[in-house]
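> next comes the sequence, and after it the predicted model I'd like to discuss.
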Amino acid sequence: MRVKWTSKSLEDLVRLHAFLQRVNSQAAKAIVSKLTTGALRLEQMPRIGSPLSEFAPKDVRRLVIGDYEMRYEVVDDIVFILRLWHAREYR
């Protein structure tokens, strides 16, 4: 499996980093590292996340990484990272 980040998910990653950077630069780096490492785990275990039936028949899943949620879609041998956000964010 390969992991590909969509433009929206990259925007989310930048937004989350920028928000934390203002408060704690070390925490911002740590969260980005944690989220990117979590995404890389999907190369070996693409179906580790919970399936989201509202997107059926697409294989869209939800992976919780600490206080963050990652939504991704499995298509053939590619995992597309769709969106990221903090659990307290309004979405």
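Sure thing, it's come through.

> spit out the contact partners of residue 67.
86-88 (Cβ atoms under 8 Å, 6 or more residues apart in numbering). Backbone N, C-alpha and C define where each C-beta goes, glycine included.

> for it, give its distance to residue 78.
Per Cβ to Cβ, to the nearest Å, residue 67 is found 27 Å from residue 78.

> which non-adjacent residue is nearest the spatially most central residue of the chain?
In the chain, the C-alpha nearest the mean C-alpha coordinate belongs to residue 70, at 3.0 Å (Cα atoms, centre = their mean). Of all residues not flanking residue 70 in the chain, residue 63 sits nearest, at 4.6 Å (Cβ to Cβ, 6 or more residues apart in numbering).

> that neighbour should be in a strand, yeah?
Yes. According to DSSP: H, G, I helix; E, B strand; the rest coil, the state of residue 63 is that of a strand.

> give the contact list for it.
38, 42, 48-50, 69-72.

> compare those residues and tell me which is most surrounded.
Within the contacts of residue 63, neighbour counts (other Cβ atoms under 10 Å) peak at residue 72, which reaches 26 neighbours.
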